[in-house]
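Visitor: Fold the following and give me the result.
(chains A, B, C and D)
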4 protein chains.
Amino acid sequence: MNIRVYYEDTDISGFVYHSNYFNFCERARSELFFSQGLSPVNGDSHFVVSEVNGKFIKSAKFGDLLNVETDVMEIKNFSLKLLQTIYRDDEKVFEATITLAHLKGIKLSKISRETKAIFENL
Amino acid sequence: MNIRVYYEDTDISGFVYHSNYFNFCERARSELFFSQGLSPVNGDSHFVVSEVNGKFIKSAKFGDLLNVETDVMEIKNFSLKLLQTIYRDDEKVFEATITLAHLKGIKLSKISRETKAIFENL
Amino acid sequence: MNIRVYYEDTDISGFVYHSNYFNFCERARSELFFSQGLSPVNGDSHFVVSEVNGKFIKSAKFGDLLNVETDVMEIKNFSLKLLQTIYRDDEKVFEATITLAHLKGIKLSKISRETKAIFENL
Amino acid sequence: MNIRVYYEDTDISGFVYHSNYFNFCERARSELFFSQGLSPVNGDSHFVVSEVNGKFIKSAKFGDLLNVETDVMEIKNFSLKLLQTIYRDDEKVFEATITLAHLKGIKLSKISRETKAIFENL
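Guide: This next block holds a predicted model:
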């Protein structure tokens, strides 16, 4: 999952605005589904972020080509915990643990076998 | 409608990212409803932007306090045309004509008398 | 220039937030430079958007894969006028004319021959 | 610090896009400076976010009026640790600990007495 840093991602500091790294991670999570012809939204079933822990290690700048790696820390029946790391070449730029709860409508709901498989195969 | 320019609104140029001026105009349109205890989304009735014409006159920067003025150019049964101008004190920063179509679901729908009144009273 | 629609690009309507189509156009303009190993920011020389005219034809939704086409309408010494069109497959979703002024610092400045060539070769 | 949820803050789920809560917290931090006629950017001195820990407790929706409270957890010579909480009326929506490093250019730099006072007085 390659992500180019565009004007809209930067701020007056000249670097990527801090919360946008979480957006880049979300793009990578969605692309796990899209790349298999699936969608992270299935009827009224979907994931919501319940907790994040992010470390800003280096600053990415306009034009940088970043790479998001997604690893599974824990798969439970109703939630997932991922480790997502953003690199610029070999350099670690950002690292986050992301906990996702699976909902149907607004209620907690079991993650389907098909969806679990997407993450188990990472 | 006062709007402060925050980090997230700026880009590497040090000024407000161009399309964010349209966001500021949208906030002002929504606030016309919210300030009267109403919402621009009423069941499945809502407005969509169908055409915009924007002139970027001055550059707003981090910390600026901007003011959005909204004037009505045309009220029709199914659409509205507005002139929205963004000022920093007396200085004109941005100016746009915005055409909005009124939908119910995904179909064109008559603007209600109550909603028309919001714009007629500007 | 392919662009995937992610969560962050959508709003409560379920479709792409209107001003984000301008962001997608900006990404395509920047990528014209990046794809040749250049940057739209060269020292203190860069472009700013001075006028836009956008027509919202169809609504793009979460997961859509969009394509931005950039055509030159006019190349002048200090400014450019582009026609940028966003497609989903064969369907036109958004169309905009974008006028860009070339600046050095905050002053109008001649577009270099190298930069002109990027646009002449589109 | 009151923040209205606008279209741009929401996504297809109908609720606020997760990383935007961090943006709301950043607005509140900047406003601590602006409200006193100061700026978080002072020459080439400024803060960068080095670590965040966020809990998404409730979902804010279009039109909600949110309130950001900022408390100091730790003030050190080169960094700050804040607890920022977002409420909708009495209901806690989001909570984050945010660690900020103080830089001059790209180097760690002592937080000035004047800036420390802003946070000590919270």
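
Visitor: So for stretch A:110-122, mean pLDDT?
Guide: Over the span of stretch A:110-122, the pLDDT mean works out to 94.

Visitor: Buried ones in it, by neighbour count?
Guide: A:111, A:115-116, A:118-119 (16 or more other CB atoms under 10 Å in any protein chain shown). For every residue, glycine as well, the C-beta is placed using N, CA and C.

Visitor: and if you look at stretch A:74-86?
Guide: A:79-80, A:82, A:84-86.

Visitor: do stretch A:43-62 as well
Guide: Result for stretch A:43-62 [16+ other CB under 10 Å]: buried residues A:45-56, A:59-60, A:62.

Visitor: A:Ser50 falls within a helix, correct?
Guide: No. Read with DSSP: H, G, I helix; E, B strand; the rest coil, A:Ser50 is strand and lies in no helix.

Visitor: Run a quick neighbour tally on the spatially closest residue to it that is not a sequence neighbour.
Guide: Using CB to CB, 6 or more residues apart in numbering or on different chains and skipping residues adjacent in sequence, the residue nearest A:Ser50 is A:Ala101, 4.6 Å away. Counted with other CB atoms under 10 Å in any protein chain shown, the neighbours of A:Ala101 add up to 18.

Visitor: In this structure A:Ala101 contacts A:Phe47, no?
Guide: Yes. Taking contacts as CB atoms under 8 Å, A:Ala101 lies within contact range of A:Phe47: 6.8 Å.

Visitor: Name the nearest residue to the residue nearest in space to the middle of chain A, ignoring sequence neighbours.
Guide: Closest residue to the average C-alpha location of chain A: A:Cys25 at 2.8 Å, with CA atoms, centre = their mean. Nearest non-adjacent residue to A:Cys25, counting by CB to CB, 6+ apart: A:Gln84, 4.3 Å away.

Visitor: what about the one you found, which helix or strand?
Guide: strand A:79-88 (DSSP states H and E).

Visitor: repeat for A:Phe119
Guide: helix A:113-120.

Visitor: how many degrees apart are that helix and strand A:79-88 in direction?
Guide: Put simply, helix A:113-120 runs at 40 degrees to strand A:79-88, going by axes from the mean of the first three to the mean of the last three CA atoms, to 10 degrees.

Visitor: Contacts only, for the residue nearest to A:Cys25.
Guide: Neighbour list for A:Gln84: A:25, A:28-29, A:68-71, A:95-98 [criterion: CB atoms under 8 Å, 6 or more residues apart in numbering or on different chains].

Visitor: and it, what pLDDT?
Guide: 98.

Visitor: Quick check: A:Gly14 touching A:Phe62?
Guide: Yes. Counting by CB under 8 Å, A:Gly14 touches A:Phe62, with 7.3 Å between them.

Visitor: what residues are shared contacts of the two?
Guide: B:Ile12.

Visitor: OK, contacts around A:Asn17?
Guide: Just to correct that, residue A:17 is Tyr rather than Asn. A:9-11, B:7-8.

Visitor: what about 10 Å?
Guide: A:8-11, A:23, B:6-11, D:19, D:22-23, D:26, D:49 (CB atoms under 10 Å, 6 or more residues apart in numbering or on different chains).

Visitor: Which parts of chain A are helices?
Guide: When assigned using DSSP state H, the helices of chain A occupy the ranges A:20-34, A:113-120.

Visitor: what's around A:Asn2, how many residues?
Guide: 8.

Visitor: Now find how far off-centre the strand of greatest length in chain A is within its chain.
Guide: When chain A is parsed with DSSP state E, its longest strand is strand A:91-104. Computed by CA atoms, centre = their mean, to the nearest Å, the chain-centroid distance of strand A:91-104 equals 5 Å.

Visitor: what pairs with it, and is each one parallel or antiparallel?
Guide: Under the criterion DSSP bridges, strand A:91-104 sits next to strand A:45-56 (antiparallel), strand A:79-88 (antiparallel), strand A:107-108 (antiparallel) in its sheet.

Visitor: Which one of those strands lies nearest to C:Asn2?
Guide: Closest to C:Asn2 of the strands paired with strand A:91-104 is strand A:79-88 (CB to CB; 20.8 Å).

Visitor: What about A:Arg4, how many residues nearby?
Guide: Residues near A:Arg4, counting by other CB under 10 Å: 15.

Visitor: and it, what does it touch?
Guide: By CB under 10 Å, 6+ apart, the neighbours of A:Arg4 are A:62-66, C:27, C:30-31, C:34-35.

Visitor: bridging residues for it?
Guide: Bridge pairing for A:Arg4 - DSSP bridges - gives A:Leu65.

Visitor: on that earlier part again, spell out whether the helix holding A:Phe119 and chain D are in contact.
Guide: No. On the criterion CB under 10 Å from any CB of the partner chain, helix A:113-120 is out of touch with chain D, staying 16.8 Å away.

Visitor: Show me what that helix is packed against.
Guide: Judged by 3 or more CB pairs under 10 Å, 6 or more residues apart in numbering or on different chains; DSSP states H and E, the packing partners of helix A:113-120 are helix A:20-34, strand A:65-75, strand A:79-88, strand A:91-104.

Visitor: ranking the ones you listed by burial, who's on top?
Guide: helix A:20-34 (a mean of 22; mean count of other CB atoms under 10 Å in any protein chain shown).

Visitor: Work out the gap between it and the centre of the chain.
Guide: 4 Å.

Visitor: pLDDT on that helix, on average?
Guide: 98.

Visitor: orientation of it relative to strand A:79-88 in degrees?
Guide: Using the same axes, to 10 degrees: helix A:20-34 against strand A:79-88 is 110 degrees.

Visitor: Restricting to C-alpha, output helix A:20-34 in PDB.
Guide: Coordinates of each C-alpha in helix A:20-34 appear next as PDB, following Å, rounded to 0.1, in the frame of the first residue of the first chain:
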ATOM      1  CA  ASN A  20      -3.300  12.200   8.700                       C
ATOM      2  CA  TYR A  21      -1.100   9.300   9.500                       C
ATOM      3  CA  PHE A  22      -4.200   7.700  11.100                       C
ATOM      4  CA  ASN A  23      -6.000   8.300   7.800                       C
ATOM      5  CA  PHE A  24      -3.200   6.600   5.900                       C
ATOM      6  CA  CYS A  25      -3.500   3.600   8.200                       C
ATOM      7  CA  GLU A  26      -7.300   3.600   7.500                       C
ATOM      8  CA  ARG A  27      -6.700   3.600   3.800                       C
ATOM      9  CA  ALA A  28      -4.500   0.600   4.100                       C
ATOM     10  CA  ARG A  29      -7.100  -1.200   6.200                       C
ATOM     11  CA  SER A  30      -9.900  -0.500   3.600                       C
ATOM     12  CA  GLU A  31      -7.600  -1.500   0.800                       C
ATOM     13  CA  LEU A  32      -7.200  -5.000   2.400                       C
ATOM     14  CA  PHE A  33     -10.900  -5.400   1.500                       C
ATOM     15  CA  PHE A  34     -11.000  -3.500  -1.800                       C
END
